[in-house]
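Novice: sequence first, predicted model second:
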Amino acid sequence: MDKIWPVDIIDIAETLENAGYEAWLVGGAIRDLLLGQEPNDWDLATDATPEKMKEVFSEFATTWQGSRYGTVGVRGAKTSVEITTFRSDSDYSDGRHPDTVIYSNSIEEDLKRRDFTINAIAWNPTYGLLDPMGGAEDIKNRIIRTVGKADERFNEDCLRMIRAVRFAGQLNFSIEDKTISNISKNAKLITGVAKERIGVEFSKILIQPNPKASLNLLKDTRLLEFILPEANNMVEYEQKSPYHSWTLWEHTLKTVIGVSPELHLRLAAFFHDIGKPATQEIDEKGIAHYHGHEKISAEIAESYIIKFGLGKELSEKVCRLIKRHMLSHANLATKGYGKIIREIGEDEIPKLVELWKADRLATLDSRPIDDIIEKENKLSELLELDRVYKKEQLAIDGHDLLHIGYKQGKIIGEILNCLTEEVMENPSLNDREKLLALAKLTYTIEMGDDVYG
């Protein structure tokens, strides 16, 4: 196992040992290596305290944000590692951090405080593999099991419940019976975890190659009920439509796995129909309709993405896709296609088409997508023509409109948008004098909301 350590990690570990301290490779790196996978992260455990590490690594670039809990980041030439002092933790009143960090001199004691047996294995070039919790056997049998009593581990840090679900899907493991039973029993405790921490774990679940298993585990353990109650409402929701034979939850999962594992695209797929229950109308034939559900879905998505601390920029990208996912059914004129390009940007066109296709293929008998392919081809043709799609590409701007008498306000942007659509139809109009004349001639009153042509 020592042959596949990055040179930087070996150098950092030897620096500790040469100073008289222990250095053990721990955590996910050991798990990944035993699974025959290349680790993404490297973690070491040591008997050196942060104060001692400051002396030992005085010649290295270091970070100290986690030093309060015994963790120091050390950067090598190409690889970084987190080094944590052996610990024997006390109570966890906040469900995340130990009330008191108690350092230990024993790697065995340190392993006993970890979350799951598969993460409670250590390795040292001199002493070999140390596995007091039987983690290697659980890896062999593909089982997620807590270290010690599940109740205690989950009460120490409630986020471990979502981590168990994520690992099960990510590694294609099963969760041991007592462990999964305790997740269900303690699911409500997740409401006490910071939403930003939940957002990180939920994002990791979504970008797995196949997140279906983890998402269903969130549902089965009742975690979904407390993390995303609107999503939980989709679980048994019958869509009452001739185009849907699955529940809204099943349709959503099929859509999620039907798009690429890019976070904003997976989020758009997950939230795209979440507003349906709030917009359902039943006609005289008993068929449900969901007019405007894309707008409600986008509002719910925005709420959670911001709440999860994933950022306004990501939220806007996701919501732009959600708001336009129903355009796969629309009859679009050139202006309509141009408006899509203008509003979501050229780079996002393939993502929108991907969402359209995944959404359609997740319906009854995987309905044909010929019309979507036609739209995809039309969008590609327009992009190749290098036409004007944004008001910023016009030969005039807002200052020109103010100069000819329009008042500052919403009308300026509306006029520029309308002129952009005219130029998309007739590129020869993109001339300063022609555009100003067209503005004077046509847009003399305040415009309402423009629509897709």
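Specialist: That came through fine. Note that the coordinates shown come from a computational prediction; the quantities given were computed from them, not determined experimentally.
Novice: need the pLDDT of Met53.
Specialist: For Met53, the pLDDT comes out at 96.
Novice: excluding its backbone neighbours, what's nearest it?
Specialist: Val72 (4.9 Å; CB to CB, 6 or more residues apart in numbering). Quick note: C-beta positions are derived from backbone N, CA and C, even for glycine.
Novice: now do the SS call for that neighbour.
Specialist: Here Val72 is recorded as strand under DSSP: H, G, I helix; E, B strand; the rest coil.
Novice: that one and Gly66 touch, don't they?
Specialist: Yes. Counting by CB atoms under 8 Å, Val72 does reach Gly66; the two are 7.2 Å apart.
Novice: who touches both of those two?
Specialist: Residues touching both Val72 and Gly66 (CB atoms under 8 Å, 6 or more residues apart in numbering) are Glu82, Thr84.
Novice: same drill for the two, tell me which one is more crowded.
Specialist: Neighbour tally, Val72 and Gly66, criterion other CB atoms under 10 Å: the higher count belongs to Val72, 27 against 14.
Novice: quick one: the more buried one from Gln280, how far?
Specialist: The gap separating Val72 from Gln280 is 54 Å, by CB to CB, to the nearest Å.
Novice: and for Glu376?
Specialist: According to CB to CB, Glu376 stands 30 Å off from Gln280.
Novice: equivalent analysis for Ile227, please.
Specialist: Distance from Ile227 to Gln280, counting by CB to CB: 23 Å.
Novice: name the residue in those two with the higher neighbour count.
Specialist: Ile227 (22 against 15).
Novice: surely the more buried one touches Ile190?
Specialist: Yes. Counting by CB under 8 Å, Ile227 does reach Ile190; the two are 6.2 Å apart.
Novice: shared neighbours of these two, anything?
Specialist: Ile162, Ile198.
Novice: what sits against Gln268?
Specialist: I think there's a mix-up here, since residue 268 is Ala and not Gln. Neighbour list for Ala268: Val259, Ala301, Val318, Leu321, Ile322, His325, Lys351, Leu355 [criterion: CB under 8 Å, 6+ apart].
Novice: show me the contacts for the residue nearest to Met53.
Specialist: Val72 neighbours (CB under 8 Å, 6+ apart): Pro50, Met53, Lys54, Phe57, Thr62, Thr63, Trp64, Gly66, Glu82, Ile83, Thr84.
Novice: give me the pLDDT value at it.
Specialist: 95.
Novice: next, count neighbours for the residue lying closest to Ser328 once chain neighbours are set aside.
Specialist: Spatially, and ignoring its direct neighbours in sequence, Ser328 is nearest to Trp356 (3.8 Å; CB to CB, 6+ apart). Neighbours of Trp356 under the rule other CB under 10 Å: 23.
Novice: now the spatially closest residue to Ile180 that is not a sequence neighbour: how far from Asn232?
Specialist: If you skip the residues right next to it in sequence, Ile180 has Thr221 as its closest partner in space, 6.4 Å away by CB to CB, 6+ apart. Distance from Thr221 to Asn232, counting by CB to CB: 12 Å.
Novice: cool, Asp370 as well?
Specialist: 35 Å.
Novice: so these two - more neighbours on which side?
Specialist: Asn232 (18 against 8).
Novice: which residues sit in contact with the more buried one?
Specialist: Applying CB under 8 Å, 6+ apart, the residues contacting Asn232 are Lys219, Leu224, Glu225.
Novice: so the second one is in which element?
Specialist: It stands for Leu224. Element membership for Leu224, per DSSP states H and E: helix 223-227.
Novice: and that helix, what does it pack onto?
Specialist: Applying 3 or more CB pairs under 8 Å, 6 or more residues apart in numbering; DSSP states H and E, one finds that helix 223-227 makes contact with helix 160-171, helix 212-220, helix 229-232.
Novice: TSV please, covering those and showing mean pLDDT and distance to Gly27.
Specialist: Below are the helices and strands packed on helix 223-227 laid out as TSV (pLDDT from 0 to 100; distance: least, CB to CB, whole Å):
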stretch	mean pLDDT	distance to Gly27
helix 160-171	98	12
helix 212-220	98	20
helix 229-232	97	30
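Novice: closest one to Pro39 among the ones you listed?
Specialist: Proximity to Pro39 (CB to CB) singles out helix 160-171 among these, at 13.2 Å.
Novice: check the offset of the closest one from the chain's centre.
Specialist: Mean-position distance between helix 160-171 and its chain equals 15 Å (CA atoms, centre = their mean, to the nearest Å).
Novice: then stretch 260-274?
Specialist: Worked out by CA atoms, centre = their mean, stretch 260-274 lies 8 Å from the chain centre.
Novice: ends of it, what's the gap?
Specialist: End-to-end span of stretch 260-274 (CA to CA, to the nearest Å): 20 Å.
Novice: quick one: contacts for Glu294?
Specialist: Residues near Glu294 by CB under 8 Å, 6+ apart: His272, Gly275, Ile322, Lys323, Arg324, His325, Met326.
Novice: pull the contacting residues for the first one.
Specialist: Spelled out, that is His272. Contacts of His272 by CB under 8 Å, 6+ apart are Thr252, Thr255, Glu294, Ser297, Leu321, Ile322, His325, Leu355, Asp359.
Novice: please apply the same query to the third one.
Specialist: Applying CB under 8 Å, 6+ apart to Ile322 gives the contacts Ala268, Phe271, His272, Glu294, Ser297, Ala298, Ala301.
Novice: on the three-state scheme, the first one is what?
Specialist: Under the three-state scheme (three-state DSSP), Ala268 adopts helix.
Novice: excluding its backbone neighbours, what's nearest it?
Specialist: Ala268 sits nearest to Leu321 (CB to CB, 6+ apart), 4.0 Å away.
Novice: average pLDDT for whichever strand or helix holds that neighbour?
Specialist: Assigned by DSSP H and E, Leu321 falls within helix 312-323. Across helix 312-323, pLDDT averages out at 98.
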